[in-house]
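*Asks:* Have a look; sequence and predicted model below, questions after that.
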Amino acid sequence: MENLVANIQGMTAIAVGLLIGLGALGTAIGFGILGGKFLEGAARQPEMIPTLRIWLFVVAGLLDAVTMIGVAIALIITFANPFLTNALTYVK
């Protein structure tokens with residue numbers, strides 16, 4: 001019984017680490033591409049900088065939202081582990 005609980009908690013910790021880590025990596029790559037494209041567009045058409053800046057912040061907010069959703073899912077899996085509760089109901 002303790003072996004099953006430890007195994008599920010260990011696998012959950014690995015899954016949460018991957019979820020948060022890959023989410024952060026994807027956001028970092030997205031921000032890098034976003035910033036590069038903003039600078040490229042500003043260099044090509046300086047008169048469009050205010051419009052480009054608005055879209056830069058909109059897309060940056062969406063990138064952050066995706067990461068925060070991943071963190072929320074990771075916290076739910078960590079503290080209200082559905083895998084552990086389901087396994088314990090079948091073992092008893």
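*Replies:* Yes, it's here.
*Asks:* Let me know the helix or strand that Thr12 is in.
*Replies:* Assigned by DSSP states H and E, Thr12 falls within helix 2-44.
*Asks:* Tell me the helices and strands packed up against the next helix or strand after that helix.
*Replies:* Note on helix 2-44: by DSSP H and E, the next helix or strand toward the C-terminus is helix 49-79. With contacts defined as 3 or more CB pairs under 8 Å, 6 or more residues apart in numbering; DSSP states H and E, the packing partners of helix 49-79 are helix 2-44. Glycine gets a C-beta too; all of them are placed from N, C-alpha and C.
*Asks:* Could you name the helices and strands sitting against the helix it packs on?
*Replies:* Against helix 2-44 (3+ CB pairs under 8 Å, 6+ apart) you get helix 49-79, helix 82-91.
*Asks:* then the lowest-mean-pLDDT helix or strand in the chain to PDB, C-alphas only?
*Replies:* Within the chain, no helix or strand scores below helix 82-91, which has a mean of 83 by mean pLDDT, DSSP states H and E. Backbone C-alpha positions of helix 82-91 (Å, rounded to 0.1, in the frame of the first residue of the first chain) are rendered in PDB as follows:
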ATOM      1  CA  PRO A  82      -7.000  12.600  -8.400                       C
ATOM      2  CA  PHE A  83      -4.700   9.700  -9.300                       C
ATOM      3  CA  LEU A  84      -4.000   9.000  -5.600                       C
ATOM      4  CA  THR A  85      -7.700   9.200  -4.500                       C
ATOM      5  CA  ASN A  86      -8.800   6.900  -7.400                       C
ATOM      6  CA  ALA A  87      -6.100   4.400  -6.600                       C
ATOM      7  CA  LEU A  88      -6.800   4.300  -2.900                       C
ATOM      8  CA  THR A  89     -10.600   3.700  -3.600                       C
ATOM      9  CA  TYR A  90      -9.800   0.600  -5.700                       C
ATOM     10  CA  VAL A  91      -7.200  -0.800  -3.300                       C
END
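*Asks:* Right, I'll call it a day here.
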